[in-house]
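Asker: Sequence unavailable; structure follows:
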């Protein structure tokens, strides 16, 4: 059985503010790189490997600028990798953020992280931003964790999720 992909409307409407973002995701975060991304760099853009470091535990990360705590590829508020090489060269965390994808059994739900100012604004201010819609293609992470609690059916988990969003978005719920 193929998974049923569902996403919130804000995911399809999301547009990164780039240099105008008041809280860029390129600062203060350790952005991991998957082996597939490292292989792409090695084969097609070996100069990008200079921006990668490996932790003592063998995790590959984008290097950070100690003066700004930003990614070394952050230039004037924009990702130089994205600008110069395209989205295909972004590490998984950079390519997907602020989208977050989780499985609930055979459902795959994609929404947005509220740590992104643009997502938070849409979630709070745009009518229908958190409404679900079926989606044919989802850019999912390499590893997709299943959050369906044991003993709960998929439809029940989705109904609980929707009910919690409805309560959270009710203006009189304060």
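Answerer: Arrived safely. Owing to the predicted nature of the structure, the values given are computational and were not obtained by experimental measurement. Numbers count the residues shown, from 1 in each chain.

Asker: now for the lowest-mean-pLDDT helix or strand in the chain, which elements pack on it?
Answerer: Least confident helix or strand, the chain: strand 132-134 with a mean of 77, by mean pLDDT, DSSP states H and E. For strand 132-134, the contact count by 3 or more Cβ pairs under 8 Å, 6 or more residues apart in numbering; DSSP states H and E identifies strand 4-8 as packing neighbours. C-beta: built from backbone N, CA, C; applies to glycine.

Asker: Which neighbouring elements make contact with whichever helix or strand comes after the strand it packs on?
Answerer: Beyond strand 4-8 in the direction of the C-terminus, DSSP states H and E gives the next helix or strand as helix 9-13. Here helix 9-13 touches strand 107-112, helix 117-125, going by 3+ Cβ pairs under 8 Å, 6+ apart.

Asker: do that again at 10 Å, thanks
Answerer: Contact analysis of helix 9-13 by 3 or more Cβ pairs under 10 Å, 6 or more residues apart in numbering; DSSP states H and E lists strand 99-104, strand 107-112, helix 117-125, strand 132-134 as its packing neighbours.

Asker: out of those, which comes closest to residue 13?
Answerer: helix 117-125 (6.6 Å; Cβ to Cβ).

Asker: who's in contact with that closest one?
Answerer: Contacts of helix 117-125 with the rest of the structure, by Cβ atoms under 10 Å, 6 or more residues apart in numbering, involve 8-11, 13-17, 20-25, 97-100, 111-114, 116, 128-130, 165, 168-169.

Asker: Next, the angle from the helix ranked longest in the chain to helix 117-125.
Answerer: If each helix of the chain is counted by residues according to DSSP state H, the longest one is helix 154-168. An angle of 80 degrees separates the directions of helix 154-168 and helix 117-125 when computed by axes from the mean of the first three to the mean of the last three Cα atoms, to 10 degrees.
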